[in-house]
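structure of the sequence below:
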Amino acid sequence: MTVADDRLARIGPELDAWEREDASLASVLDDRVPDCAREALALLDALRPIIPIVIKLGAGQAPGTDAAQDASWAASVALSRRALLAQQTARTEHGLAGDSLRLLDRIDSMVGEWSDEWDEVARRRVQELVDAGRSGRQRGRELRERRQDFEPQRHLNVGWLLRHPTDHYLRMATRTVADLECRRLIEKHIARLALNYQELCGLDWTAEEAAANVICEMQVVDTSPGSWKKPVTAVVTKPIKGDTSLDEQIAVRLVEDPNGPFNGTLVSFLAGERWLTCARELEDGTLLPLDGTRRCAVPSL
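Below is the predicted model of the structure:
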């Protein structure tokens, strides 16, 4: 047990209460939601504990070079490990926890050997992350109170799952992670998610395609992380419906109103991916992606 794990064990009762609260908030999905969409949500939930870790890997970070950064790694790993073990106990990890725990163990082994004072820094970092989680949960409660008539999961938009592939965090990490064992475990998760994504693609999207005035296959040329106001550049690889032509460069919006409040993107692209895009063409010539938009090919890992 690491010093970060030990610190978490001392505040375990509060974290146990959080897990019970999360379980009680799980809405019953509408009976019309397809099984593959239920599975997609379950897989996303099963991966949530390691997403903060994978995001750090995708940003090119790695443990073992800086004492303060290693304290953050140790604290994040401890929190993620605890959440995964809770999923295993509740049998809600959908076969992903084993490889996720092996990924955390590997990252833990890469944390450097530091002075005795480092242990206290790691304990403080654990407490800081728990405090941040507590504040976030309070904000979540306030939002739910304001929106108490709305049950987001009950009204699940299956098209959203297609437009936001769960494996994007993992794929970004494979571009930067240097450790071969970490990469191998991440790629196993990607392969598992790919099977479910193909099932989502296989649903009937005829009505959504009929509602779009532009449909084309396109290759994403460039994306600017965090720059949701700027349309993504793509090249048409197969025009299907509407006024597009082969090899035409097009601009696809990530939000409907770039000047409005940000409430998440309509779609999540990575450079090099090929998408079948169902869209509405706007007056400025940009495309607004609609339901039915789905990824059809990815670059080799």
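
quick one: the strands in the stretch 201-301 of the chain?
Ranges of strands within the stretch 201-301 of the chain are 214-222, 232-241, 249-252, 274-281, 287-289, 294-297, based on DSSP state E, counting those that start in this stretch.

which one of the ones you listed lies nearest to residue 168?
Ranking the strands of the stretch 201-301 of the chain by proximity to residue 168 (Cβ to Cβ) places strand 294-297 first, at 9.7 Å. Using the backbone N, CA and C atoms, a C-beta is placed for each residue, glycine as well.

hey, which helix or strand in this protein has the poorest pLDDT?
Here the helix or strand of the chain ranked lowest by mean pLDDT, DSSP states H and E is helix 12-25, holding a mean of 65.

from the chain's centroid, how far away is the helix or strand just after that one?
Next along the chain after helix 12-25, taking DSSP states H and E as the criterion, comes helix 35-47. Helix 35-47 sits 12 Å away from the centroid of its parent chain (Cα atoms, centre = their mean, to the nearest Å).

from here on, call the first residue 33.
Renumbered: residue one is now 33, and that last one reads helix 67-79.

what comes into contact with the next helix-or-strand element following helix 67-79?
Proceeding N to C from helix 67-79, the next assigned helix or strand is helix 83-90, under DSSP H and E. With Cβ atoms under 8 Å, 6 or more residues apart in numbering as the test, helix 83-90 has contacts from 105, 108-109, 112, 135-136, 139, 201-202, 204-205, 207-209, 214, 218.

returning to that earlier point: relative to residue 78, which of the strands of the stretch 233-333 of the chain is closest?
strand 326-329 (20.6 Å).

ok, and what's touching that closest one?
Applying Cβ under 8 Å, 6+ apart, the contact partners of strand 326-329 are 194-195, 197, 229, 232-233, 237, 249, 305-308.

output it as CSV, nothing but the C-alphas.
Coordinates of each C-alpha in strand 326-329 appear next as CSV, following Å, rounded to 0.1, in the frame of the first residue of the first chain:
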residue,chain,number,x,y,z
ARG,A,326,-20.4,8.6,-37.1
ARG,A,327,-16.7,7.7,-37.4
CYS,A,328,-15.9,5.1,-40.1
ALA,A,329,-12.1,4.8,-39.9
